[in-house]
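Participant: Structural data only, the sequence is not supplied:
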């Protein structure tokens, strides 16, 4: 966190990743929810397959005394669960608190990334894969965050795929 002071800026570390269940290597910007919690993605860590895991979506929550705690929201499982692997994009939140995002890998049979939704319930967060990329000309390797419009449509880009294999701009409709 950067806080203004009379002589410049003060730098404060809110959380240090350990690379286990908490995740590791956060890449993208963070997003605040209405309660002041921060949500983001970490490219590695989690409980997924492989030595480094498949990445996580995490939440940072302030405790009111200047300290923050980290909670993994969802750990991607990659090939094991046929879901995503390697989330590098920021997440987007809707008014109901649902989380939307992409991974740039995983999601067989295409295996070139997914678009997902995470919904919180009393039993925890549940993932729904909204689209698996790499199934023809639909695009591949989505590395951008998703933009949500008022009607619930999601928009994003892929860095590969499409008719010229140079990427796509896509819409996912409810």
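Facilitator: Done, it's in. It should be emphasised that the depicted structure is a prediction, and the values quoted were computed from it without experimental measurement.

Participant: Mean pLDDT per helix and strand in this protein: which one sits at the bottom?
Facilitator: Lowest on mean pLDDT, DSSP states H and E among the helices and strands of the chain sits strand 2-5, with a mean of 82.

Participant: any idea which helix or strand comes after it?
Facilitator: Using DSSP states H and E, the helix or strand that follows strand 2-5 towards the C-terminus is strand 8-11.

Participant: Which elements pack onto that following strand?
Facilitator: In terms of contacts (3 or more Cβ pairs under 8 Å, 6 or more residues apart in numbering; DSSP states H and E), strand 8-11 is packed against strand 2-5. Bear in mind the C-beta positions are built from the backbone N, C-alpha and C, glycine included.

Participant: Tell me how far residue 171 lies from residue 88.
Facilitator: Applying Cβ to Cβ, to the nearest Å, the value for residue 171 to residue 88 is 21 Å.

Participant: phi, psi of the residue nearest to residue 33 when sequence neighbours are not counted?
Facilitator: Leaving aside its sequence neighbours, residue 33 sits nearest to residue 93 (Cβ to Cβ, 6 or more residues apart in numbering; 5.7 Å). Main-chain torsions, residue 93, degrees, to the nearest 10: phi -120, psi 140.

Participant: Surely residue 159 and residue 167 touch.
Facilitator: Yes - counting by Cβ atoms under 8 Å, residue 159 does reach residue 167; the two are 5.1 Å apart.

Participant: Looking at residue 171 and residue 88, which one has more neighbours?
Facilitator: With neighbours defined as other Cβ atoms under 10 Å, residue 171 and residue 88 compare such that residue 88 has more, 23 against 10.

Participant: Buried residues, stretch 154-164. List them.
Facilitator: Neighbour counts over stretch 154-164 (16 or more other Cβ atoms under 10 Å) mark 154, 156-162 as buried.

Participant: can I get the residues you listed in JSON lines with pLDDT?
Facilitator: Listed next are the buried residues of stretch 154-164 as JSON lines, based on pLDDT from 0 to 100:
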{"residue": "154", "pLDDT": "97"}
{"residue": "156", "pLDDT": "97"}
{"residue": "157", "pLDDT": "97"}
{"residue": "158", "pLDDT": "96"}
{"residue": "159", "pLDDT": "94"}
{"residue": "160", "pLDDT": "93"}
{"residue": "161", "pLDDT": "91"}
{"residue": "162", "pLDDT": "92"}
